[in-house]
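> Below are the sequence and a predicted model; questions follow.
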Amino acid sequence: MDLVEQQKGEALKAVCYVLGSEPKSEEVVAFVNGPMRSLLCR
């Protein structure tokens, strides 16, 4: 499990995500460029 935090001014956004026990690089890139980006851009 990993946690990504982003702070803008006084606001803090945090996203927690879980990838499989041995994620492949393409799975990580797909997640970062897809769901994680959309969660942090809200």
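That came through fine.

> My read is that residue 12 contacts residue 4, right?
No: using CB atoms under 8 Å as the test, residue 12 is too far from residue 4 to be in contact (11.3 Å). For glycine as for every other residue, the C-beta is placed from the backbone atoms N, C-alpha and C.

> neighbour-wise, which of the two wins?
residue 4 (13 against 9; other CB atoms under 10 Å).

> check which helix or strand covers the more buried one.
strand 2-8 (DSSP states H and E).

> and the angle from whichever helix or strand comes after that strand to strand 2-8?
Helices and strands here follow DSSP H and E; after strand 2-8, the next one along the chain is strand 11-17. Computed with axes from the mean of the first three to the mean of the last three CA atoms, to 10 degrees, the direction of strand 11-17 lies at 160 degrees from that of strand 2-8.

> tell me how far strand 11-17 is from the chain's mean position?
8 Å (CA atoms, centre = their mean, to the nearest Å).

> quick one: average pLDDT of that strand?
The predicted model assigns strand 11-17 a mean pLDDT of 83.

> Note down every partner strand of that strand and its orientation.
Applying DSSP bridges, strand 11-17 is found paired with strand 2-8 (antiparallel).

> show me where pLDDT drops low in this structure?
20, 23, 42 (pLDDT under 70).

> redo that, cut-off 50
Within the chain, the set of residues satisfying pLDDT under 50 is empty.

> Pick out the residue closest to the middle of it.
residue 36 (3.7 Å; CA atoms, centre = their mean).

> if we can go back for a sec, tell me which residues in the strand holding residue 4 are buried?
Within strand 2-8, no residue is scored as buried using 16 or more other CB atoms under 10 Å.
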